[in-house]
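Engineer: A predicted structure for the sequence below; I have some questions about it.
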Amino acid sequence: MSLKNRNFQNHKKRSSVNKIVENDFSKIEKINSFLIRISEAVSVISDLDELYHYIHQLLSEIIDTTNFFIALYDPEEDSLVYPYHVDEMDKVEDYDQNMKILNASKSGSLTIEVVKSGKPYFGTKKKLLERFEKLKVKKLGTLCEQWLGVPLKVQNEVIGCMTVQSYTDPERYDQRDSEILSSVSSQVALLIENKRKEKERKQSQERIKTLYEISNAVNTTDNLDDLYHSIHRSLSRIINVKNFYIAIYKSDTDSVVFPYKADQYDQDEIEPFSEIKNIKEANSLTSRVIQDGKSLLLKDDELEVSTIRGTVPKIWLGVPLKIKDEIIGVMATQSYENPHEYSIEDLEILSSVSEQVAMAIDSKRKDEELRKLNEELEQKVIERTNQLEAAQKKTLDHAHKAGMAEMAIGTIHNVGNILNSVKISTQLLLDLLKADKSFESLESANQLIRENIDHIDEFFQSQKSILLMKYFLKIGELFKDVKSQMDKHLERLSKGIGSIEEVIVAQQQYTDYLGHRVDLDIKIIEDALTIQQGTIEKYGIQVIKSFDDIPRAVVQETKLIHILVNLFRNARDAMFNVAMEKRKLCISLENDNKAVYLKVSDTGEGIPEENLHKVFNHGFTTKKDGHGFGLHTCANYMTEMNGRIRAENRKDGTGAIFILEFPLKNQKLS
């Protein structure tokens, strides 16, 4: 070979070596950049899904991640789950986050080999086929040309596997790629583990808060219907309960009623409180939970159409409601779109709160029974009061007409004596209530939880928490005993009631002083719009105003502004999913010879017909984070201003309209 040719070949080799060194140096820089950026991202990434996506995004800058997945291993359950999977050949649904491989150690999968060995695995198509043939196992998914997986380790413990693969290029990866993936795997594993623990900690806190809310709802709700709504709202913190119902089981008649249901398709399929008899013989999912006394999770291929009443869901999850070992009902949720909406973890979450839900419902039912007894007693008192008022009026009239005032005074005196005996009977009942410390001890228990809410995890590991849970289990029996004693006193009081104290109270002349009152003025409406101006502009809402000449009507300025601001805010929320050019807030003032009508309408989704009469109820809301106080307060304010408010849907079907009706000055609404 000539000197010239040798120089040329040496130059070519040096160029090739330099190029490899440059490439390696570039990859090292990218690896360092990856480690720095992924560490910095921890504080700003809010959940695991975001973290998986960000890991994938950063890795794609240093290695081909066209086909990439992360698998996590549970050694106690010997299972593999795939929380993140991107693949150009296999469907994502096949590796959904709820997909779980049980008995993973015996599955023969490449992933479990990496997990168990704690070492990277790099194989070609030929090597993979030889392995599957040797182990006599079936490949999960499409066979690839190259498969490269590295273990995810935290303090020498393997928590999972991170994998890339190629279906088309048998030379896509080499040993350097294996080293690159291994060099970042420890940092990735640590971040995933920390974020998992953070998620578990948040879930635990949310679950404890939910338990507290459900327990406290017994005292804060007015009736069972409010309690059911409160339970539904509380559960939405920890699980998707978009389609949800509560069934109450009556063991004496072997029947169930459905006092609460929220469903996007079959809201009216079962009438509230409609009774289904012979439930244990019925072929339904609810009856299966009642008969077996166990939680049940079924996906679409496991659901029998004959067991479904109404639209068939993709997945169904139900848990029994128990007091001690007695089943009092079923709590269920379902999804019509996603067959992977719920997992075993969700079943465990719902089961963990079911006992508290059952206790809350049972306690509220007993409260309702007691309230009903009180209402019956109150009605008897009212009836007797009316009789006494009529009798006393008749006596006084007769006495004055006949000049027998002394007889009237004597009659009143005798009535007073009779009422004294009623007062004594009533006092006995009050003394019983004051003497019973059950309600005070319940408040003490709730106070103990409030005092430890900021370090609730630590508290629930203490001996006090065990005593507290035992107390909650016994509270139903305590209320039962109180109710039994009250029943006896109420029966005696009902039988012995002959009168009441102070049956005639001088009627005070109606006074209309309700605070600062002014004439209705357009300026009040403009002020309310000014308060919401920032939101209106931000959401691109067009304001349309139409005002008649305003007859004189009296309002309370502050309360009217509060009402309008609330209505404007609700209109904004209703139009959130509407195209910006179609968002319109319409305000009009109209009048006739009876009243002035202030109307506020939007072009949003409107109000379901079944909710039109509920929107002003205390605690009713359709918002995920709502409280149900706004429109209820608006209705109260309108009543205080001698007006009224009602809701309708626009005739063109493009939104809702709220109508505020005010009487003309010095008049009253008919």
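Structural biologist: Arrived safely.
Engineer: and Gln356, how far is that from Tyr597?
Structural biologist: As defined by Cβ to Cβ, to the nearest Å, Gln356 lies at a distance of 47 Å from Tyr597. Where you see a C-beta, it was placed from the backbone N, CA and C, and this is true even at glycine.
Engineer: Tell me which of these two has more neighbours.
Structural biologist: Neighbours per residue (other Cβ atoms under 10 Å) separate Gln356 from Tyr597, with Gln356 holding more: 21 against 15.
Engineer: Quick check: the gap between the more buried one and Arg207.
Structural biologist: Here Gln356 is placed at a distance of 10 Å from Arg207 (Cβ to Cβ).
Engineer: ditto for Ala595
Structural biologist: Per Cβ to Cβ, Ala595 is found 51 Å from Arg207.
Engineer: quick one, which of these two is more surrounded?
Structural biologist: More crowded of Ala595 and Arg207, by other Cβ under 10 Å: Ala595, with 20 against 17.
Engineer: ok, the residue nearest to the more buried one when sequence neighbours are not counted - contacts?
Structural biologist: Leaving aside its sequence neighbours, Ala595 sits nearest to Glu661 (Cβ to Cβ, 6 or more residues apart in numbering; 5.1 Å). Applying Cβ atoms under 8 Å, 6 or more residues apart in numbering, one finds that Glu661 lies in contact with Ala595, Val596, Tyr597, Met638, Gly643, Arg644, Ile645, Arg646, Leu669.
Engineer: So in this structure, which helix runs the longest?
Structural biologist: Determined from DSSP state H, the single longest helix within the chain is helix 344-401.
Engineer: For that helix, give the mean pLDDT please.
Structural biologist: For helix 344-401, the mean per-residue pLDDT is 78.
Engineer: for that helix, packing partners?
Structural biologist: Applying 3 or more Cβ pairs under 8 Å, 6 or more residues apart in numbering; DSSP states H and E, one finds that helix 344-401 contacts helix 175-220, helix 224-235, strand 296-299, strand 315-323, strand 326-335, helix 405-435, helix 463-496.
Engineer: Go through the contacts of Glu661 and flag which are in helices.
Structural biologist: Per DSSP H, the subset of the contacts of Glu661 in helices is Met638.
Engineer: what about Lys584, neighbour count?
Structural biologist: Around Lys584 there are 18 other residues, counting by other Cβ under 10 Å.
Engineer: so what's it scoring on pLDDT?
Structural biologist: pLDDT for Lys584: 93.
Engineer: Next up, the contacts around it.
Structural biologist: Lys584 touches Ile541, Gln542, Val543, Ile544, Asp602, Thr603, counting by Cβ under 8 Å, 6+ apart.
Engineer: Go through these and say which is closest to Phe34.
Structural biologist: Lowest distance from Phe34 to the contacts of Lys584 (Cβ to Cβ) belongs to Ile541, with 44.5 Å.
Engineer: Show the backbone phi and psi for the residue nearest to that closest one when sequence neighbours are not counted.
Structural biologist: Leaving aside its chain neighbours, Ile541 sits nearest to Arg583 (4.6 Å; criterion: Cβ to Cβ, 6+ apart). Backbone geometry at Arg583, expressed as degrees, to the nearest 10, gives phi -80, psi 110.
Engineer: do the same with Pro83
Structural biologist: phi -70, psi -20.
Engineer: quick one, what contacts it?
Structural biologist: Leu48, Asp49, Tyr52, Ile70, Leu72, Gln97.
Engineer: Using JSON lines, lay out those together with secondary structure, distance to Val115 and neighbour count.
Structural biologist: Shown next, in JSON lines, are the contacts of Pro83 (DSSP: H, G, I helix; E, B strand; the rest coil; distance: Cβ to Cβ, whole Å; neighbours: other Cβ atoms under 10 Å):
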{"residue": "Leu48", "secondary structure": "helix", "distance to Val115": "19", "neighbour count": "19"}
{"residue": "Asp49", "secondary structure": "helix", "distance to Val115": "22", "neighbour count": "13"}
{"residue": "Tyr52", "secondary structure": "helix", "distance to Val115": "18", "neighbour count": "22"}
{"residue": "Ile70", "secondary structure": "strand", "distance to Val115": "12", "neighbour count": "23"}
{"residue": "Leu72", "secondary structure": "strand", "distance to Val115": "9", "neighbour count": "22"}
{"residue": "Gln97", "secondary structure": "coil", "distance to Val115": "18", "neighbour count": "17"}
